[in-house]
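Peer 1: missing the sequence, but the structure's below:
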């Protein structure tokens with residue numbers, strides 16, 4: 001059976017402590033529903049954008065954003081596959097109840113059939129994955145901190161390179177599953193992929209350290225926990241600001257918005273402006289008069305402002 005080797009260093013302990021602190025704020029602070037949706041969507045956009053960079057596809061954030069919003073077709077087949085997998089992980093709670101061999105294949109698809117200079121030999125992949133799953137269901141794994149478990153799973157996929165395509169993307173999603181099934185969802189606001197793509201050299205060094213150190217995971221786990229600590233810290237700071245704004249919104253009565261009004265606010269947060277010619281794309285089947293009434297409500301609540309007249313009007317968030 002697979003047995004991971006690593007040392008819990010002071011660096012790893014500090015990172016886990018910082019993550020736990022950030023988690024307590026992220027998961028307990030109350031923010032407006034529209035901001036919750038915005039943070040979740042932002043995480044999806046960053047995940048897709050940075051995952052595509054790993055496989056050499058560079059699309060602007062604007063293109064990815066419009067794809068996620070359903071305003072444009074997928075920029076590539078891979079982009080569509082990634083979004084589908086993210087939604088599966090985020091929305092299907094039963095998918096997180098247990099972790100079995102089939103879970104790996106349901107995300108990654110077919111195992112690699114050709115030799116790779118760095119990964120496991122194709123004929124050994126099946127046995128190696130089954131051995132890893134056996135350990136993840138062992139008592140030792142159950143007594144291991146979920147953040148460490150998540151890092152171990154990711155590096156095992158990275159090291160074995162078991163799939164024909166998208167191993168890094170699959171490893172990120174499987175690591176996220178381990179976190180979520182152990183109560184570390186972080187509101188579905190986090191995106192680790194951005195940390196990895198910001199410095200590919202450091203990422204490669206940390207992955208290769210496992211091979212160079214005869215399977216010891218310590219250097220990798222220091223890197224992995226540092227990335228999670230940085231990402232959760234950034235989200236924590238955003239949550240603190242938004243929670244403060246939510247209190248102000250409650251006092252002023254601005255928080256009571258309909259679903260359509262929230263969608264208008266989200267659109268303005270994403271794109272800066274909204275014009276009449278966008279109404280039908282955003283709200284198919286809804287009359288223009290109904291949308292104009294929603295906009296007037298938001299103007300009256302001093303959430304947005306209107307510039308211009310009639311069909312050329314532009315709506316923006318109030319500063």
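Peer 2: Perfect, I can see it now. Note that the structure is predicted; figures quoted are calculated from it, not measured.
Peer 1: state the phi and psi torsions of the residue nearest in space to the middle of the chain.
Peer 2: The residue lying closest to the centre of the chain (Cα atoms, centre = their mean) is residue 191, at 3.8 Å. Dihedral angles phi and psi of residue 191 (degrees, to the nearest 10) take the values phi -150, psi 110.
Peer 1: kindly report the same for the one 3 residues further on.
Peer 2: As for residue 194, its main-chain torsions (degrees, to the nearest 10) stand at phi -60, psi -40.
Peer 1: from residue 159, how far off is it?
Peer 2: 22 Å (Cβ to Cβ, to the nearest Å). C-betas here are computed from N, CA, C, even on glycine.
Peer 1: same thing with residue 232?
Peer 2: Distance from residue 232 to residue 159, by Cβ to Cβ: 25 Å.
Peer 1: so between the two, which is more surrounded?
Peer 2: A side-by-side neighbour count of residue 232 and residue 159, using other Cβ atoms under 10 Å, places residue 232 first with 25 against 21.
Peer 1: from residue 168, how far off is that one?
Peer 2: From residue 232 to residue 168 the distance is 20 Å (Cβ to Cβ).
Peer 1: kindly report the same for residue 143.
Peer 2: 28 Å.
Peer 1: more neighbours, these two?
Peer 2: Applying other Cβ under 10 Å to residue 143 and residue 168 shows that residue 168 carries more neighbours, namely 19 against 7.
Peer 1: you'd agree residue 306 is in a helix?
Peer 2: No. Residue 306 is assigned strand when assessed by DSSP: H, G, I helix; E, B strand; the rest coil, not a helix.
Peer 1: got the contact list for it?
Peer 2: By Cβ atoms under 8 Å, 6 or more residues apart in numbering, the contact list for residue 306 reads 295, 299, 313, 314, 315.
Peer 1: which of those residues are buried?
Peer 2: Among the contacts of residue 306, those classed as buried by neighbour count (16 or more other Cβ atoms under 10 Å) are 295, 315.
Peer 1: looking at the contacts of residue 306, which are in strands?
Peer 2: Cross-referencing these against strands under DSSP state E gives 314, 315.
Peer 1: and the furthest pair within the contacts of residue 306?
Peer 2: 299 and 314 (12.4 Å; Cβ to Cβ).
Peer 1: quick check: which ranges of the stretch 1-150 of the chain have low pLDDT?
Peer 2: For the stretch 1-150 of the chain, the stretches flagged by pLDDT under 70 are 91-106.
Peer 1: typed the wrong thing, it's the stretch 151-300 of the chain
Peer 2: 245-255.
Peer 1: that one: helices as residue ranges?
Peer 2: For the stretch 151-300 of the chain, the helices defined by DSSP state H, counting those that start in this stretch occupy 167-181, 193-198, 200-212, 218-252, 259-271, 279-282, 288-300.
Peer 1: what is the burial count for residue 115?
Peer 2: 10.
Peer 1: mind listing what it touches?
Peer 2: 121, 122 are the contacts of residue 115 under Cβ under 8 Å, 6+ apart.
Peer 1: host element of it?
Peer 2: Of the helices and strands defined by DSSP states H and E, none includes residue 115.
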